[in-house]
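Peer 1: Sequence plus predicted model, see below.
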Amino acid sequence: MNPVKQIVQEKYAAAARQAAAGQTACCGGSQSGDAADPITSGLYDEAQKLGLPEKAVLASLGCGNPTALAALQPGETVLDLGSGGGIDVLLSARRVGPTGKAIGLDMTDDMLALARENQQKAGLTNVEFLRGDIENIPLPPNSVDVIISNCVINLAADKDQVLREAFRVLKPGGRLAVSDVVVRGHVPAELRQNMLLWVGCLAGALEEQQYRSKLAAAGFTGIEIEPTRIYNVEDARAFLAGHDVDVDAMAAAVEGEFVSAFIRAAKPAPALSRPAIQVFDPALCCSTGVCGVDVDPALVNFSADLAWAQQNGLSIERFNLAQQPLAFAENPTVRSFLENSGAQALPLVLRNGEIALAGRYPTRAELARWAGLLPIAPATQPPGPCCPGSSCC
Ligand SMILES: C[S@@+](CC[C@H](N)C(=O)[O-])C[C@H]1O[C@@H](n2cnc3c(N)ncnc32)[C@H](O)[C@@H]1O
């Protein structure tokens with residue numbers, strides 16, 4: 001096993017045994033005497049903790065509260081990378097309900113044993129804990145709606161591999177919603193090492209820009225990094241002093257540079273296949289609706305709606321009987337429509353070659369529905385005629 005992983009495993013096995021014995025777990029440097037740990041304490045409110053087994057709370061070693069920020073929905077499958085004593089898995093299981101599932105993945109046997117005990121105590125059946133490495137997730141591709149994680153990716157030896165694996169198992173459109181320690185700006189190497197030893201047991205946190213680049217390289221989009229806690233030297237004074245660091249001298253360099261952050265990203269969904277729309281106009285002198293001094297407000301409106309629909313990815317072709325009579329004659333559906341109903345029944349709108357509308361233009365809402373777009377702003381009304389009560393301009 002990679003030596004970094006081995007140290008991590010040993011530290012967290014010891015932390016699991018502490019929690020199993022009824023003590024608050026800690027991972028070495030981050031706890032100082034009886035004082036509340038500034039990283040792991042106070043992450044969950046009382047309402048969230050209500051009904052959770054005591055040892056799940058004692059074993060909580062995260063640095064954020066991803067389930068509170070991840071907008072989990074009933075029926076979703078959630079995967080927690082480095083699930084520890086299982087607190088976030090149990091909270092997720094409640095949120096996704098009996099039609100959903102929460103899966104915890106951890107490599108440390110003592111943590112898995114504690115998590116399974118906590119699951120039993122919580123009486124949740126939509127939960128599964130898997131043994132494995134977050135660099136090689138034992139799940140099929142495209143099988144998970146949401147990946148959460150709480151202060152684990154900073155521990156990984158190969159963070160690129162973790163993010164590639166997360167991307168692989170997420171369904172298209174799936175979300176990554178993790179809490180992690182992030183470094184902002186430049187911090188001298190030695191200082192950084194000591195501070196990170198305190199924050200995360202091991203000095204592996206990424207800088208914010210590195211985190212963004214690695215997420216993007218794995219294929220994620222919509223990347224957001226939002227600080228949830230900012231640490232300063234006072235938080236780490238006792239620990240740093242024990243490591244021969246002149247705390248007062250380094251205060252300015254460290255201030256505000258180490259944060260717990262909530263990191264969001266998404267696996268892009270494939271582009272919707274949108275229908276092709278063809279509009280066959282009657283003989284018009286100008287299909288925009290502005291013809292010399294004459295203005296046809298309905299046509300002006302429709303032109304604006306068409307431009308909007310095209311901007312939103314709908315493929316639209318438009319033919320004017322006066323200028324492109326061949327397009328009418330060469331299309332069998334249009335030709336047969338004209339033979340039966342005559343040119344006075346135009347406009348005609350085809351959707352994927354089939355008649356969708358005749359005798360009127362589609363509204364913006366209809367175009368939006370055809371394009372599979374979400375609710376839309378109403379069309380802006382065209383300006384009224386310049387001379388009120390007439391169409392002159
Ligand atoms: C800081 S604790 C966080 C535990 C839990 N997420 C929480 O909030 O309490 C880190 C956990 O990640 C697990 N872990 C670390 N590296 C891992 C890896 N490469 N694969 C699987 N689990 C890992 C450890 O065993 C430990 O349980």
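Peer 2: Received, thanks.

Peer 1: The longest strand belonging to the chain and the ligand, any residue contact?
Peer 2: Across the chain, the strand with the greatest residue count (assigned by DSSP state E) is strand 170-183. No: Strand 170-183 is not in contact with the ligand by CB under 6 Å from any ligand atom; minimum separation 7.9 Å. Just so you know, the C-beta spots here come from the backbone N, C-alpha and C atoms, and that holds for glycine as well.

Peer 1: And stretch 111-131, by the same measure?
Peer 2: Yes: contact between stretch 111-131 and the ligand, assessed by CB under 6 Å from any ligand atom, occurs at Met111.

Peer 1: from the middle of its chain, how far away would that stretch be?
Peer 2: How far stretch 111-131 lies from its chain's middle: 26 Å, per CA atoms, centre = their mean, to the nearest Å.

Peer 1: Check stretch 91-106 too.
Peer 2: 18 Å.

Peer 1: List the buried residues of it.
Peer 2: Residues of stretch 91-106 classed as buried by neighbour count (16 or more other CB atoms under 10 Å): 91-96, 100-106.

Peer 1: before we move on, the earlier item: direction included, what does the longest strand of the chain pair up with?
Peer 2: strand 144-150 (parallel), strand 206-207 (parallel), strand 258-266 (antiparallel) (DSSP bridges).

Peer 1: in that strand, what's buried?
Peer 2: Buried residues in strand 170-183, counted by 16+ other CB under 10 Å: 170-171, 174-183.

Peer 1: How about stretch 295-314?
Peer 2: For stretch 295-314, burial by neighbour count (16+ other CB under 10 Å) applies to 295-296, 299-306, 308-309, 314.

Peer 1: Among those residues, which ones are in strands?
Peer 2: Among the buried residues of stretch 295-314, the members falling in strands (DSSP E) are Val295.

Peer 1: Under the pLDDT cut-off, which ranges of the stretch 1-150 of the chain? List them.
Peer 2: By pLDDT under 70, the low-scoring segments of the stretch 1-150 of the chain are 26-36.

Peer 1: A strand includes Lys214, no?
Peer 2: No: Lys214 is assigned helix when assessed by DSSP: H, G, I helix; E, B strand; the rest coil, not a strand.

Peer 1: what's it in contact with, if anything?
Peer 2: For Lys214, the contact set (CB atoms under 8 Å, 6 or more residues apart in numbering) comprises 159-160, 163, 206.

Peer 1: Pipe those into JSON lines and attach secondary structure per row.
Peer 2: Shown next, in JSON lines, are the contacts of Lys214 (three-state DSSP):
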{"residue": "Lys159", "secondary structure": "helix"}
{"residue": "Asp160", "secondary structure": "helix"}
{"residue": "Leu163", "secondary structure": "helix"}
{"residue": "Leu206", "secondary structure": "strand"}
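
Peer 1: List, one by one, the residues from this structure near the ligand.
Peer 2: Counting by CB under 6 Å from any ligand atom, the chain sits next to the ligand at 5, 8, 12, 60-62, 82-85, 87-88, 106-108, 111, 133-135, 150-152, 155-156.

Peer 1: mind listing what the residue of the stretch 251-393 of the chain found nearest the ligand touches?
Peer 2: When distances are taken as CB to the nearest ligand atom, the stretch 251-393 of the chain reaches nearest to the ligand at Ser260, 11.3 Å away. Going by CB under 8 Å, 6+ apart, Ser260 touches 39, 63-64, 151, 179-182, 227-229, 231.

Peer 1: Over to Lys101?
Peer 2: Contact partners of Lys101, counting by CB under 8 Å, 6+ apart, are 77-78, 93, 126-128.

Peer 1: can you rerun that using 7 Å?
Peer 2: Contacts for Lys101 (CB atoms under 7 Å, 6 or more residues apart in numbering) come out as 77, 126, 128.

Peer 1: Check the residues you listed against Pro141 and report the nearest one.
Peer 2: Pro141 lies nearest to Thr77 out of these, by CB to CB, at 13.3 Å.
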